[in-house]
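K.L.:
all I have is the shape, not the residue letters:
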């Protein structure tokens, strides 16, 4: 007769067999770094994944940002570029990330988008028809690659910003601001400041603020004209059935097409307000300061349009 194993017997078999693997202690930060230095990437990935599952007091001895960064390095050296980029992005989102770590992770993520497995190669130009390929697996050489990519992207950004100086189209402006925002961590890694991007963002913000001032000025004059028209009086005369002449006066008010014209101004103001908010959200301190006046300019025109339309309706 076959004997049925008791729970105690099963537990004993587990202890003597593979159960020990399930309770293998987590590596310390130093041990994880040693595994990375030894190029034991499977071990790094295994340990990092287990550490990143921890919650509460158990996480006290770990710097989660550094764990994510080591995981990203292991993935990168395992030719898993997409997963490595996601890991660097996760590292930048951790609360314990320093500004330096966050900028480096974001800059590295951008670099990976422009790189191949063999490394990062800037696009060929007339002055540099055969650009060198930068090794992105070596963290020290990787910083040189970030610098080279930043130089390329910055040289492309300047003429694009210049072409937008007369534009109020939301999508191109917002795309340009977000492109500059993606370069900000790279400049901090390369130059420890954002002077070059601040200059471009200020130009973008100044241009938008000027266009909004011109738009407000033109439309404000038109609203004044419409308000004057709405207040004009018209005189009507008629004779009743007794032959008595009657005279009455009334305010002209606004014609339907004029009311529609004002509503279009209100809608345009709402669109510009949304554009301003998205531009400001993508910009740094200098860019936000440059674009800030446009917020009051847009609101002023919107308020004037509503007042003009409502007053005309009440008067009539």
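P.N.:
Yes, it's here. None of the values given here were measured: they were computed from a predicted structure.
K.L.:
where do the helices of the stretch 51-200 of the chain begin and end?
P.N.:
Ranges of helices in the stretch 51-200 of the chain, per DSSP state H, counting those that start in this stretch, are 64-77, 81-93, 99-113, 139-163, 170-191, 195-230.
K.L.:
go through those helices and name the closest to residue 296.
P.N.:
Each of the helices of the stretch 51-200 of the chain has some distance to residue 296 by Cβ to Cβ; the shortest is helix 195-230, at 9.5 Å. Every C-beta, even on glycine, is put in place using the N, C-alpha and C of the backbone.
K.L.:
and the next helix or strand past the helix or strand hosting residue 235?
P.N.:
In this assignment (DSSP states H and E), residue 235 forms part of strand 233-239. Reading on from strand 233-239 to the C-terminus, the next helix or strand found by DSSP H and E is strand 245-251.
K.L.:
partner strands of that next one, with direction?
P.N.:
Paired strands of strand 245-251, with direction, are strand 233-239 (antiparallel) (DSSP bridges).
K.L.:
follow-up on the earlier one: buried deepest among the helices of the stretch 51-200 of the chain, which one?
P.N.:
When you average the neighbours per residue for each of these (mean count of other Cβ atoms under 10 Å), helix 64-77 leads with a mean of 22.
K.L.:
show me the contact partners of it.
P.N.:
Contacts with helix 64-77, where a contact means Cβ atoms under 8 Å, 6 or more residues apart in numbering, come from 29, 32-33, 36, 39, 41, 44-45, 48-49, 51-52, 83-85, 87-88, 90-92, 94, 96-98, 101-102, 105, 108, 112, 136-137, 139.
K.L.:
pLDDT (mean, whole number) over that helix?
P.N.:
Averaged over helix 64-77, pLDDT sits at 97.
K.L.:
and that helix with helix 81-93, angle?
P.N.:
Counting by axes from the mean of the first three to the mean of the last three Cα atoms, to 10 degrees, helix 64-77 lies at 170 degrees to helix 81-93.
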